[in-house]
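[1] Sequence first, predicted model second:
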Amino acid sequence: MTLRFSVLASGSTGNAVYVETEEQRLLIDAGLSGKKMDELFQRINRDPKELNGILVSHEHSDHIKGVGIFARKHKLPIYANEKTWKAMEGQLGTIATDQKFTFATGEVKTFGNIDVESFGVSHDAAEPMFFTFHHEGRKLVLATDMGYVSDRIKGTIDKADIFIFESNHDMNMLRMGRYPWSVKRRILSDVGHVSNEDAALALSDVIGDNTSRIYLAHLSLDNNMKDLARLSVEQVLKEQGMAIGEQFELYDTDPQNPTALAVV
Ligand SMILES: [Zn+2]
Ligand SMILES: [Zn+2]
C-alpha cells in the first residue's frame, strides 16, 4: 500500500491538496471555485465523488472558497475544528448536519489506513491548523499559513518523508513592493506568513535522512517568484550543509496547476 499526493493548487488565489492510499481519498482545503476544483481533479485523473472527506485548515477564503459547493455536489463530509466551523459556516452555504464533523486541533484522526495528526499554527484566523499524514511508517507534512514555525510545530513535523511547506515571500520584494504598510506588517507578523528564508531555516531543523522531496507552497504572486524561492531556500540549506539533488529534491507548486501525483 502506498501513500500518494498532489498539491492541486497553492497560493493566495486558492489552496487544495489531495492525499490518497488505495482505500482512502482525502482533500485538504478547497480554496478555488467548484468548477476549478473539478478541473483540478480531472487533471490528476481522480473522481471527487470518491473522496472520503474534506479537511479544512482555516476559514480564509483561499482555503474554503469551494468547500461548500464541492461538498454539496459530491456529498462529502467536511472536517474542521469548532472555531473554524463557527468562522466559516456563514460562507459555505447550507451544509447538511450529517456532512459536518469536528476535527480538534492536536487530535489524531484515523481515516481508513491514514492517520491524520492536526497541529495548531500561528496565523490570523480563528483556530488555524495543519496536518501530518501517517501511513505505514511514511510521513507527509502539510504546513502553510504560519506567522512563524514554533519549536512545537518542528517537533510534530520532524523528519517527514515529504514536506509541503510555506515559502510565502521574499523579504526584500515584500519590503520594496506596492503593498500598503498595514498589509506588509500583517504578512511579516507572528500571525502572517513565512518568508523564503524563514522557511529554509525551519526546514533545516526538521529535514531527516528519509526526507526525499520538499514542495515550496503558498508563494505570493506579488512578493515572490518560483526561481527566487527555490534559490533562496537552496542557498540557506546549502549553508546548513545540506545537498539538494543528492539528499532530497526541491519542487515548485503552482496557483493553477496540480503537481504530478507522487508516492510518499
Ligand atoms: Zn492561505
Ligand atoms: Zn490564511
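    Perfect, I can see it now. Ligands and ions are numbered 1, 2, ... in the order given.
[2] First-to-last residue distance for stretch 133-152?
    Stretch 133-152 stretches 17 Å from its first residue to its last (C-alpha to C-alpha, to the nearest Å).
[3] Buried residues, that stretch. List them.
    133-135, 138-150 (16 or more other C-beta atoms under 10 Å). Placement of C-beta: from N, CA and C, glycine included.
[4] Check the average confidence over it, would you?
    Across stretch 133-152, pLDDT averages out at 96.
[5] Pick out the residue in the stretch 101-250 of the chain sitting closest to ligand 1.
    Among the residues of the stretch 101-250 of the chain, residue 145 lies closest to ligand 1, at 4.5 Å counting by C-beta to the ion.
[6] quick one: the strands in this protein?
    According to DSSP state E, the chain carries its strands in the segments 4-9, 16-20, 25-28, 53-55, 78-80, 100-102, 108-111, 114-120, 129-135, 138-143, 162-166, 213-217, 249-251, 262-263.
[7] wait, what's in contact with whichever residue of the stretch 101-250 of the chain sits closest to ligand 2?
    Closest approach between the stretch 101-250 of the chain and ligand 2, counting by C-beta to the ion: residue 145, at 3.9 Å. For residue 145, the contact set (C-beta atoms under 8 Å, 6 or more residues apart in numbering) comprises 57-58, 60, 63, 121, 123, 125, 128, 130, 166, 193, 218.
[8] Pull up the residues of this protein that are close to ligand 2.
    The chain comes close to ligand 2 at residues 60, 145, as judged by C-beta under 5 Å from the ion.
[9] how does it look with 8 Å?
    57-58, 60, 62-63, 123-125, 128, 144-145, 193 (C-beta under 8 Å from the ion).
[10] nearest to residue 41, of these?
    Each of the residues of the chain next to ligand 2 was checked against residue 41 using C-beta to C-beta; the closest is residue 63, at 17.1 Å.
[11] for residue 255, what are its contacts?
    9-11, 13-14, 219, 221.
[12] mind checking how far it is from ligand 2?
    Counting by C-beta to the ion, to the nearest Å, the gap from residue 255 to ligand 2 is 14 Å.
[13] Now that residue: closest residue in space, sequence neighbours ignored.
    The shortest distance from residue 255 to any non-neighbouring residue, by C-beta to C-beta, 6 or more residues apart in numbering, is to residue 11 (3.7 Å).
[14] Got phi/psi on the one you found?
    With angles defined as degrees, to the nearest 10, residue 11 sits at phi 140, psi 170.
[15] Test my guess that residue 79 contacts residue 102.
    Yes: using C-beta atoms under 8 Å, residue 79 is in contact with residue 102, at 7.3 Å.
[16] which of those two has more neighbours?
    Using other C-beta atoms under 10 Å as the criterion, residue 79 and residue 102 rank with residue 79 on top: 25 against 12.
[17] contacting residues for the nearest residue to that one once chain neighbours are set aside?
    Spatial nearest neighbour of residue 79, excluding adjacent residues (C-beta to C-beta, 6+ apart): residue 103 at 4.0 Å. Listed by C-beta under 8 Å, 6+ apart, the contact partners of residue 103 are 55, 79-81, 109, 116, 118.
[18] Please apply the same query to residue 244.
    When contacts are counted by C-beta under 8 Å, 6+ apart, residue 244 touches 234, 237-238, 250.
[19] PyMOL command to pick out the buried ones of these?
    Here is the PyMOL selection string for the buried members of those, based on 16+ other C-beta under 10 Å:
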select buried, resi 234+237+250
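[20] if we take the contacts of residue 244, which one ends up nearest to residue 261?
    residue 250 (18.5 Å).
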